[in-house]
Every structure is written in C-alpha cells, then in structure tokens.
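S.K.: need a 3D model of the following:
(2 chains)
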Amino acid sequence: MQQCLNIDPGKCTGCRQCELGCSFAHEEFFSSSRSRIKVFDLHDQGLFVPYTCTQCADAWCMAACPVDAIQVDADTGAKTVDTGVCVGCKVCTIACPFGTINYVSATGKVAKCDLCGGDPACVKACPTGAISYIDSDTAGFSKMQQWVDKTAAQHNVQT
Amino acid sequence: MKHVIIGAGPAGVSAAEHLRKLDSTAEIVIIGDEAEPPYSRMAIPYYLVGDIEEAGTWQRKNGKHFKNLGVKLIHDTVVSVSPSSVRLKTGKRINFDRLLIATGSRPVQPPVRGLNHPAVHHCWTLADAREIAKRMQKGSEVVLMGAGFIGCIILQALVERGVDLTVVEMEEHMVPRMMNAEAGAMIKRWCQARGVRIITSAHVIEVAQQTESEKTDVIISTGEALSADLIIVATGVRANLGFLEGSAIAVDQGVVVDRQLQTSIYGIFAAGDVAQGPDFSTNGTAVHAIQTTASQHGRIAALNMAGRKVLYHGSLAMNTLETLGLISTSYGNWQGVPDGDSAVAINADAYRYLSLQFDGDVIIGAIAIGLTDHIGALRGLIESRIKLGLWKDRLVEDPYRLMEAYLARTGPG
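M.R.: This is a model prediction of the structure:
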C-alpha cells in the first residue's frame, strides 16, 4: 500500500521541528531555509500550515522537466529529483502550481520532498502529530486530494 | 493506427510517450531533422557554461528509451504535407492516420548587411552551441545581438569564459517580452555592475570585415562601430512553417489549432513552438514558444490523436530566467488589464521586485525578480482563477504575503 503525508494544520503549533528534521535528513545540517517542508504562519486565521509536495499523480514538475531529471520512486511513489541530471533551469519551479519544488541557489539545482525513501523525517520530528504518514486510501488523503484538485485547474483541460 | 510526429523536441517527445501510454499497439514515428538524439534547447546554456556534456541535454538519458517504447526515430526533413502522407527530403513518402506537426521554431534573420559573415553565429541548436563554445575564448570580443530570453540565458557562459561582451538590444529595455520597463531596467543595472556593456534602443546595421585584421566591425544604429571576434544573433524566433506552403493547413503566426490542438485539416494536429493555440489569458490564440506549453501541448494532442476528446483550456505564458545569478520570472498577463489593480513592491538596492496584476480579485499576471521560493504558487493562483476576496487588499499592501494568500484561499486549513 502506498502511503502519503497527511497534514492537519489544526494540530500544528508552529514549532518548525519538521523543517529542521527535513533539512538535517537531506543536508546534514539544521536550516529552515533548506527544508523541503515549510510552515506558514497564517496570522489572520490563527493557524500554522505545514506545506510540502503532495506527490501528485501526473506530476507537473516531471512533465515540464526538459532533461528528465525527475523520476518516480517505485517504492514510495514520490517524485524525486536526480541532482546529477538536473541542470538548474527552474522550469519545474514555475510549472508546479503548488509551488512545492524550489530552486536552491547554493546547489544550483532544484529540491523537493522525496518522502525520505518512505520514512519521512518531518513526521518523526513533529511532536503533535500534525504531520503523519498514512495509507493513501484513507479519509485524510482524499481531503488532500480535494485540495490538489481545487488548485490544479484539472491539468489544463477545460471542463 | 499510425501516428507520425514531425519534430523531436519536447512537444514531439511528450506526444510520442503519451500516445504509447494510450495505445500499446499503435505505430509511432518521430521524424527529426537534427543529427543528435532528441535533446532540449533549454539545456544548451548549461552546456555552454560547461556544467554538462552534450548528453546532458538529451531529453531521455537511456539510449534505448525510444526503441524500448517502440517509437521509431527517423532522421530526415519533411518537405511537404498532404492529408494522409508526408514527403521527405530523401524522396520517401510516409503515410499516416494521425499527424502531429511539432517542428518548433527557428531563429529570425534580422535585416543586417553582412550577416552571412563567418564570425556570425545563431544560438539555437546544439550545432550552433558547439560553434559558439569553440569561439568564445577568454579576452575575445563578443557582440550579442538581442537581450531577449535566449540572449540573456547565455550571458553566464560568456561572462564566465571571460569574453569582452557587448549586448545590443533593439527595444528600450532587456527581455521586453517577459519583463516590464522597471524590471528590465533592474536586470540591466545588475548586468552592467558585473562588467557587461549593454546598449538598449539600438540595433545592428552592418557586420563588416576589418581591414588588416581578422576582426569584424559591428556597426550599430547609434553610429558606433563595435570590434568583434564573434557575433551571436539572438533576435527572436519564428515558427517553422515553410514546409506547409501549398498545403491546405491554415497558418498565421503559427499553425492555427483549436482546443483539441487539431489544425484546419482533420487528423492533423500541431503542438509546441510551431502551434498557435488557445491562450489562457486572452481567450484568443497565441504562439507560446516555451517549454511548459510544449510538454502540455504534446500531452493534449496525444490524447486527441488517440481518439479521446479533450479540450485544452489554453496555455499560460510563463518563463524564468537567470542572468548572471539574478533570477527573474513572469507569468500570464503581466502587463495588466485596463481598470485592473496591481500590487508592486520594489527594492532597488536588493534587486528585488514583485508585481502582481489583478482582474477583480483574481491574479492574472506577475513579474518577480529575486524571488524563487514557492514561485509556482503564482501559476496555481492564476490558472485556477482563485478569488482572493479579503486577501486582495492585503496583497496590494504587501505582495510578498503571496503564500499566505494562496494557503488561506486554497488550503486544507
């Protein structure tokens, strides 16, 4: 069964442990700016929203990449960036309508959530259970999917 | 069912792969007129910088990819199209049930005397890039004609190589089809601070051999003569349509296609730089010679070629450019609409700029300099026509609250 990240902003306290866990897992240092999950502070709504890639099925980043640097991890279903192939053209960063694949000037490549190979560091770092890694057919996932559908403009197809 | 695709660029390759997914038994042929395996022009600047070898520009890295998919690659040039076959330069005729025209675009030849001089090179194909790479030696004098997207994206390679560079741009500011005057001026200032001479509002009149020297004189409209070892022409591109003369296929700026990306002839489709298709922003048609449109066109055309009736909601103009480390992006109708509000934040010292254009409470276009994090959310807001409600006024006050607005209006919160 494939799993996915499920985010419940109602449980998030804005502690940013997920950002630190993510950056350490990928870069071996603690830096929120290098995290692939980002906590946004929606001050007006009194809400913190951890935000990252939903690994959408027909990934926009993958379709837009001119050099085939983004692949599907067969085990987790994550869309992963092969930094050896990525040239840093940033087309994927403007193509992804969720804004969840980003250019990293320090490396000259793009970075996105890769689900840590099936053991996401953000989930382990979250002290309140706001981020969980759940089976893809549970209720939480369909809620995430509705969000994707709402913002993805039906993949450019007129309805 | 036999599908023939003319052109091995991103639109053609995307279409071929989707066609295979949709029909495991269809015969699929790609005809390309360049000698290399299907490659991406987007990667050429990184080849010129020396970050990648030629193979790094290939669209698919596995040499057997197309063979494994059962997609036949033919290296030839299509000279004419009739309703059920294409004729090749080598004289052969290939029949088809469905045809995709994905022949891309070619560089414009500006009206300049002496442009056929051996020191003059276009920057478009991998073959062009090889020639430029050989000639952009340290200390050599280079004149770059055109400060559009293509010209600007190779600045890094030229500067890193240590050439003595002068850029001549006809319009009043740099990247005029992607940036407004304010943003273009900011990019110009950034490049000038890094030692590049940029002359705007001027054009090249003549390229002439210097007497008693191997160099050439590039004479520009201000009267100045610029000494040059290498002249790079990057003055824009036009759709590759020549081979369609005499066919019944309707053309304008590009091959005119409907929402199914079908041309005026049943069973013949067009995609990518060559296609003049539905424009998301205007509801009319436009040629959007960009990577994102090429790959989307390829997918939508393939669906329709395979018999699924799928209507395209139109391509959104978008591009992102790095000029000597400064990253700029634009989306959609960045010029704005009459009576539409805008939100602008400018920090000249930090080289940061963000301009959002609204129609009512919906963002329809944007320009950003120095902003890369979550930039794609702009596409989401524009293409999903997200109504911002209260958030519009907050963005007018501070456009950098973009992600907050995005999450508040779309989020799972």
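
S.K.: any idea how far apart the tips of stretch B:230-237 sit?
M.R.: Length of stretch B:230-237, first residue to last, C-alpha to C-alpha, to the nearest Å: 20 Å.

S.K.: model confidence for A:T54, exactly?
M.R.: Turning to A:T54, the model gives it a pLDDT of 91.

S.K.: which stretches of the stretch 301-413 of chain B form strands?
M.R.: B:318-323, B:326-332, B:342-347, B:352-359, B:362-369 (DSSP state E, counting those that start in this stretch).

S.K.: so A:D44 makes contact with B:R409?
M.R.: No: counting by C-beta atoms under 8 Å, A:D44 does not reach B:R409; the two are 11.8 Å apart. C-beta coordinates here come from the backbone N, C-alpha and C atoms, glycine included.

S.K.: who's more crowded, these two?
M.R.: B:R409 (20 against 12; other C-beta atoms under 10 Å in any protein chain shown).

S.K.: check contacts around the most centrally placed residue in chain A.
M.R.: The centroid of chain A falls nearest to A:C53 when counting by C-alpha atoms, centre = their mean (2.2 Å). Neighbouring residues of A:C53 by C-beta atoms under 8 Å, 6 or more residues apart in numbering or on different chains: A:R36, A:K79, A:F98, A:T100, A:I101, A:K112, A:C113.

S.K.: quick check: it vs A:Y133, distance?
M.R.: 14 Å (C-beta to C-beta, to the nearest Å).

S.K.: and what of A:F29?
M.R.: Distance from A:F29 to A:Y133, by C-beta to C-beta: 24 Å.

S.K.: and if you look at B:K309?
M.R.: For B:K309 relative to A:Y133 (C-beta to C-beta), the value is 39 Å.

S.K.: and the residue lying closest to B:S315 once chain neighbours are set aside, which helix or strand is it part of?
M.R.: Nearest non-adjacent residue to B:S315, counting by C-beta to C-beta, 6 or more residues apart in numbering or on different chains: B:T293, 4.1 Å away. According to DSSP states H and E, B:T293 maps onto helix B:291-305.

S.K.: likewise for B:G151?
M.R.: Assigned by DSSP H and E, B:G151 falls in helix B:149-153.

S.K.: could you do B:I30 as well?
M.R.: strand B:27-32.

S.K.: mind exporting the C-alpha coordinates of the helix holding B:T293 to CSV?
M.R.: In CSV, the C-alpha atoms belonging to helix B:291-305 read as follows (Å, rounded to 0.1, in the frame of the first residue of the first chain):
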residue,chain,number,x,y,z
GLN,B,291,8.9,24.5,-22.5
THR,B,292,5.8,24.2,-20.3
THR,B,293,3.5,24.8,-23.3
ALA,B,294,5.4,22.3,-25.5
SER,B,295,5.1,19.5,-22.9
GLN,B,296,1.4,20.2,-22.3
HIS,B,297,0.6,20.5,-25.9
GLY,B,298,2.3,17.2,-26.5
ARG,B,299,0.0,15.6,-23.9
ILE,B,300,-3.2,17.2,-25.0
ALA,B,301,-2.5,16.5,-28.7
ALA,B,302,-1.7,12.8,-28.0
LEU,B,303,-5.0,12.4,-26.1
ASN,B,304,-6.9,13.8,-29.1
MET,B,305,-4.9,11.8,-31.7
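
S.K.: give me the angle between it and strand B:318-323.
M.R.: Per axes from the mean of the first three to the mean of the last three C-alpha atoms, to 10 degrees, the angle that helix B:291-305 makes with strand B:318-323 is 150 degrees.

S.K.: just checking, what packs against helix B:291-305?
M.R.: In terms of contacts (3 or more C-beta pairs under 8 Å, 6 or more residues apart in numbering or on different chains; DSSP states H and E), helix B:291-305 is packed against helix A:60-64, helix A:91-95, helix B:10-22, strand B:98-101, strand B:268-270, strand B:275-278.

S.K.: what's the pLDDT at B:E214?
M.R.: 89.

S.K.: quick one: the strands in chain A, in order.
M.R.: A:3-7, A:38-42, A:47-51, A:70-72, A:79-81, A:101-104, A:109-112, A:131-135 (DSSP state E).

S.K.: what's the closest of the ones you listed to A:K90?
M.R.: strand A:101-104 (5.0 Å; C-beta to C-beta).

S.K.: please see if the closest one touches chain B.
M.R.: Yes: counting by C-beta under 8 Å from any C-beta of the partner chain, chain B is contacted by strand A:101-104 at A:I101, A:N102, A:Y103.

S.K.: for the residues you listed, which one is nearest chain B?
M.R.: Distance to chain B, by C-beta to the nearest C-beta, is smallest for A:Y103 among the residues of strand A:101-104 next to chain B, at 4.6 Å.

S.K.: was I right to think the closest one contacts B:L371?
M.R.: No: in this structure A:Y103 lies outside contact range of B:L371 using C-beta under 8 Å: 10.4 Å.

S.K.: next up, the contacts around residue 76.
M.R.: Defaulting to chain A. A:Q2, A:Q3, A:D114, A:L115, A:G117, A:G118.

S.K.: looking at chain B here, not the other one
M.R.: Contacts of B:D76 by C-beta under 8 Å, 6+ apart are B:I31, B:D33, B:L88, B:K89, B:T90, B:K92.

S.K.: A:I70 now?
M.R.: A:A59, A:C61, A:M62, A:K79, A:T80, A:V81, A:D82, A:C92.

S.K.: and the residues you listed, which are buried?
M.R.: A:A59, A:C61, A:M62, A:K79, A:T80, A:V81, A:C92 (16 or more other C-beta atoms under 10 Å in any protein chain shown).

S.K.: beta partners of the residue lying closest to the first one once chain neighbours are set aside?
M.R.: Put plainly, it is A:A59. Among residues not flanking A:A59 along the chain, A:K79 sits closest, at 4.5 Å (C-beta to C-beta, 6+ apart). Following DSSP bridges, A:K79 is listed with bridge partners A:V72.

S.K.: is A:K79 in contact with A:W60, as I believe?
M.R.: No: with contacts counted by C-beta under 8 Å, A:K79 stays clear of A:W60, the gap being 9.6 Å.

S.K.: thinking again about what came up before, and the two most separated of the contacts of A:I70?
M.R.: A:A59 and A:D82 (13.8 Å).

S.K.: where exactly do the strands run in the stretch 101-250 of chain B?
M.R.: Under DSSP E, counting those that start in this stretch, the stretch 101-250 of chain B gives strands at B:105-107, B:120-122, B:141-145, B:164-168, B:197-199, B:204-209, B:216-220, B:225-228, B:230-233, B:237-239.

S.K.: mind listing what the first one pairs with, with the direction of each?
M.R.: Applying DSSP bridges to the sheet, strand B:105-107 is found paired with strand B:237-239 (antiparallel).

S.K.: quick check: mean pLDDT of the partner strand?
M.R.: 97.

S.K.: also stretch A:123-138?
M.R.: Stretch A:123-138 comes out at a mean pLDDT of 92.

S.K.: can I get that stretch in CSV, CA atoms only?
M.R.: What follows is stretch A:123-138, C-alpha atoms only, in CSV (Å, rounded to 0.1, in the frame of the first residue of the first chain):
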residue,chain,number,x,y,z
VAL,A,123,6.8,13.1,10.6
LYS,A,124,9.3,11.8,13.1
ALA,A,125,10.2,15.4,14.1
CYS,A,126,6.6,16.5,14.6
PRO,A,127,5.8,16.5,18.3
THR,A,128,2.0,17.0,17.9
GLY,A,129,1.0,14.6,15.1
ALA,A,130,0.2,17.4,12.8
ILE,A,131,2.2,15.6,10.1
SER,A,132,1.5,11.9,9.6
TYR,A,133,2.4,9.3,7.0
ILE,A,134,-0.8,7.3,6.2
ASP,A,135,-2.1,4.8,3.7
SER,A,136,-3.2,6.6,0.5
ASP,A,137,-6.8,5.4,0.6
THR,A,138,-7.7,6.8,4.0
